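Asker: my questions concern the predicted model and sequence given below.
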Amino acid sequence: MTIKIGIIMDPIESIKTYKDSTFAMLLEAQKRGWEIHYMQLNDLSLHKDQLLLNTTKLRVKDDTTQWYTFGCQQQINVKHLDVLLMRKDPPFNIAYLNATYLLDHAKAQGVLVANDPQALRNANEKIYTTWFPQCCVPSVISSDANELKKFFEEEGNVIFKPLDSMGGDSVFHVTQQDPNLNVILEVLTQKGKRAIMAQRYIPEIKEGDKRILLIDGEPIPYALARIAPPGETRANLATGGQGKGQLLSEADIWICKEIGPTLKENGLIFVGIDVIGDFLSEINVTSPTGIREIESQFEVDITGTLFDVIEKKVAAMKGATS
């Protein structure tokens, strides 16, 4: 049986193949002989209750200069697919939100959607951590500058960040000596119009912000510790952080056991959590990365494990409807 897979992603011509997890998934799908349908967010449309997709057949090659070849373009009913991967990068804006509503129709038509569209809506990557307080440092989410200042006065060393960004964008580390607190809160909250997150600063960030990948609730045994460059608080690879692979610690494994069953129950098949020291800081569900970096440092087949799970779920869904 040839599985037909659709992938919603950012423009393929703009990706960096050596570190792009979606590209790793494309390579795995092709290796398995699956039929790949490429699309972007604006290629979805709903006609009455039928989800139609403007797709392009795709071939890929693990190359840094010419990594894709387009085939025929066509409009198909989502029922033509077996599985649909939602791999559009944040921000989680109104266009992304509306796309998840359309993807509900794909799920209703018996297509496996990963990650589950309802879970994508429910699991804001910063706020979702608050459902696991035993794993996290103290935090506050508010648009009220006074509430945020009160938390800052109690903690004295705080990270402020927006709720809808990625890659370390607009993340501020503020200490008692910083004279810019007021303007930082004004900008981040848009003068009280937008809620943000404040978290107690975790000094272990100097040892790395660990990205841990979970597949169907189970962790890959290696993490990618992203280490900030000199003079920088943010360890994200997008801000110049360096990735160093390492085995999961006992604390990492404990955190995964605390959150893994909930992730699986909610249809979050592929998740990347961020752990600093012994604390959970984010749960990334939209388009988690780290596959290629970890696979390059260890003999571990992350994409193979992921697609084994997807293949079993597709077979189970087909069996249930036959």
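Answerer: Structure's in. What do you need?
Asker: now Ile127: how far from Pro162?
Answerer: The spacing between Ile127 and Pro162, counted by CB to CB, to the nearest Å, is 11 Å. (Glycine included, C-beta is placed from N, CA and C.)
Asker: quick one: the strands in the stretch 201-322 of the chain?
Answerer: Using DSSP state E, counting those that start in this stretch, the strands of the stretch 201-322 of the chain run over 209-215, 218-227, 242-247, 270-276, 279-284.
Asker: what's the third one in contact with?
Answerer: Contacts of strand 242-247 from elsewhere in the structure, counted by CB atoms under 8 Å, 6 or more residues apart in numbering, are 208, 210, 221-227, 229, 237, 290, 293-294, 297-298.
Asker: please repeat the previous calculation with a cut-off of 10 Å.
Answerer: Residues from elsewhere that reach strand 242-247, judged by CB atoms under 10 Å, 6 or more residues apart in numbering: 19, 207-211, 221-229, 235, 237, 252-253, 290, 292-298, 300.
Asker: now the strands of the stretch 201-322 of the chain as CSV including distance to Lys57 and mean neighbour count?
Answerer: Output for these, formatted as CSV (distance: least, CB to CB, whole Å; neighbours: other CB atoms under 10 Å):
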stretch, distance to Lys57, mean neighbour count
strand 209-215, 27, 25
strand 218-227, 30, 21
strand 242-247, 33, 15
strand 270-276, 23, 25
strand 279-284, 29, 22
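Asker: any idea which of those has the lowest pLDDT on average?
Answerer: Here the strands of the stretch 201-322 of the chain differ in mean pLDDT, and the lowest is strand 242-247 at a mean of 90.
Asker: ok and that strand relative to strand 209-215, angle-wise?
Answerer: 50 degrees (axes from the mean of the first three to the mean of the last three CA atoms, to 10 degrees).
Asker: list the strands paired with strand 242-247, with their directions.
Answerer: With DSSP bridges as the test, strand 242-247 is paired with strand 218-227 (antiparallel).
Asker: got the angle between the partner strand and strand 270-276?
Answerer: Using the same axes, to 10 degrees: strand 218-227 against strand 270-276 is 50 degrees.
Asker: ends of stretch 113-129, how far apart?
Answerer: 23 Å (CA to CA, to the nearest Å).
Asker: let me see the mean pLDDT of that stretch.
Answerer: Stretch 113-129 shows a mean pLDDT of 96 in the predicted model.
Asker: and it, how far from the chain's centre?
Answerer: Centroid separation between stretch 113-129 and its chain, computed with CA atoms, centre = their mean, to the nearest Å, is 9 Å.
Asker: the longest helix anywhere in the chain vs strand 209-215, what angle?
Answerer: Determined from DSSP state H, the single longest helix within the chain is helix 302-321. Per the same axes, to 10 degrees, the angle that helix 302-321 makes with strand 209-215 is 30 degrees.
Asker: what are the buried residues along helix 302-321?
Answerer: For helix 302-321, a neighbour-count test (16 or more other CB atoms under 10 Å) marks Ile302, Thr303, Thr305, Leu306, Phe307, Val309, Ile310, Glu311, Lys313, Val314 as buried.
Asker: all helices of the protein, in order?
Answerer: 21-31, 94-108, 117-122, 145-155, 181-189, 250-265, 291-297, 302-321.
Asker: okay, the ones you listed, which one's buried deepest?
Answerer: helix 21-31 (a mean of 21; mean count of other CB atoms under 10 Å).
Asker: quick check: the residue nearest to Phe151 when sequence neighbours are not counted vs Leu185, distance?
Answerer: Nearest non-adjacent residue to Phe151, counting by CB to CB, 6 or more residues apart in numbering: Val140, 4.3 Å away. If you measure Val140 against Leu185 using CB to CB, the figure is 12 Å.
Asker: identify the contacts common to the two.
Answerer: Common neighbours of Val140 and Leu185, using CB under 10 Å, 6+ apart, are Leu148, Phe152, Phe160, Ile196, Ala198.
Asker: what residue ranges in the protein score low on pLDDT?
Answerer: Within the chain, the stretches with pLDDT under 70 are 1, 167, 230-241, 322.
Asker: what residue spans form the domains of it?
Answerer: 4-116+305-321, 138-201, 204-284 (automatic domain parsing).
Asker: which one of these lies nearest to Phe132?
Answerer: Comparing the domains of the chain by their distance to Phe132 (CB to CB), the top pick is domain 204-284, with 5.3 Å.
Asker: what's the end-to-end length of that closest one?
Answerer: In domain 204-284, first residue to last residue: 20 Å (CA to CA).
Asker: try stretch 15-23
Answerer: This stretch, stretch 15-23, spans 8 Å end to end (CA to CA).
Asker: Val171: neighbour count?
Answerer: Using other CB atoms under 10 Å, Val171 has 18 neighbouring residues.
Asker: swap that for Asp63, please
Answerer: Residues within reach of Asp63, counting by other CB under 10 Å, total 9.
Asker: alright, calling it a day.
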